[in-house]
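[1] What shape does this take:
(chains A and B)
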Amino acid sequence: RKEVEQDPGPFNVPEGATVAFNCTYSNSASQSFFWYRQDCRKEPKLLMSVYSSGNEDGRFTAQLNRASQYISLLIRDSKLSDSATYLCVVNTGTASKLTFGTGTRLQVTL
Amino acid sequence: DVKVTQSSRYLVKRTGEKVFLECVQDMDHENMFWYRQDPGLGLRLIYFSYDVKMKEKGDIPEGYSVSREKKERFSLILESASTNQTSMYLCASSNDRGRGVRAFFGQGTRLTVV
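    This is a model prediction of the structure:
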C-alpha cells in the first residue's frame, strides 16, 4: 500500500464550482500534513498546511481526520487559474522527511 | 524569499557518464532533499540530508549518491547514468522551525540519458 494515496483525476469543473479532493495516508505516526500545488512544468509550491482543527485560506479549506487517516482540500468558487495538480504531502517526523502523493489534476473550464 | 537554485534546467547525458546535479539554497536550512518525478509515480525521495556531511537514503537510492560538504549545497551524483534515470529531478530544502516542515523547491532539472 502506498504511504500517501490520491485520486489522480483529472477533475474537470466549470468556473465557479466547488471541488473537493481527498488523500489518505498509511502511517498513523504522521505528524504534519500539507497541500502543495504544481503547475505544468513547474516546481511544487506550498499551498497550505493542514491543521487538526481544520483551516481556511480564502477560497481554500483544508481538513484532517486522524481517526480515518485522511486529509481533504476544498476549493470554492473555482477560477481558471486554479487549474493545476494538487499534491498531498505528509511528514512522518523522520528527520523531516516529506512523502508526496502522486497528485490530483484539476482543470477548471469556462 | 527563499531561493533554491539548481544548476541546470535541461541536461542531456550519455549512458555510462557520471552526472552531477547541483543544488544551492540561501536560507540556512538544515534539511535538503533530492526527488525525482515521473508521470504516474509522483515525487519519489532519492536521498536527504539533515546536516553537513550527513545523508540518509530515501525510497529509491539505487544508482545515486549525494554529497553535502557545505550547508547550502547538496549534490546528487549519478555514478553511471542509465536510460531509466531519465526524469525530472527536484531539489528541496526545509527547516524544522515553526509548525511542521515546509519545503521549498528548486525549478527542477530535466535529465535525459541517451
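
[2] Can you tell me which residues in chain A are near chain B?
    Within chain A, the residues that sit near chain B (CB under 8 Å from any CB of the partner chain) are A:8, A:31-34, A:42-46, A:49, A:51, A:87, A:89, A:91, A:95-103. Just so you know, the C-beta spots here come from the backbone N, C-alpha and C atoms, and that holds for glycine as well.

[3] how about a cut-off of 6 Å?
    Applying CB under 6 Å from any CB of the partner chain, we find that chain A lies next to chain B at A:32, A:43-44, A:46, A:49, A:91, A:95-96, A:98, A:100, A:102-103.

[4] hmm, which two among those residues are most spread apart?
    With distances taken as CB to CB, the most widely separated pair in the residues of chain A next to chain B is A:Ala95 and A:Gly103, at 23.7 Å.

[5] More neighbours: which of those two?
    A count of neighbours by other CB atoms under 10 Å in any protein chain shown puts A:Gly103 above the other of A:Ala95 and A:Gly103, at 25 against 16.

[6] Neighbours of residue 80, how many?
    Assuming you mean chain A. 10.

[7] Chain B is the one I meant
    For B:Ser80, the count of nearby residues is 11 (other CB under 10 Å).

[8] ok now do it, which residues does it touch?
    Shown in contact with B:Ser80 (CB atoms under 6 Å, 6 or more residues apart in numbering or on different chains): B:Gly16.

[9] Would you confirm that A:Leu47 contacts A:Gln38?
    No. Taking CB atoms under 6 Å as the definition, A:Leu47 is not a contact partner of A:Gln38, at 9.6 Å.

[10] Please spell out the ChimeraX selection for the buried subset of the residues of chain A next to chain B.
    Remark: buried members of the residues of chain A next to chain B, expressed as a ChimeraX selection using 16 or more other CB atoms under 10 Å in any protein chain shown:
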select /A:32,43,44,49,91,95,96,98,100,102,103
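
[11] Counting only helices, which of the residues of chain A next to chain B make the cut?
    If you go by DSSP state H, these have nothing in helices.

[12] now, which of the residues of chain A next to chain B sits nearest B:Leu43?
    When these are compared for distance to B:Leu43 (CB to CB), A:Phe100 wins out at 4.1 Å.
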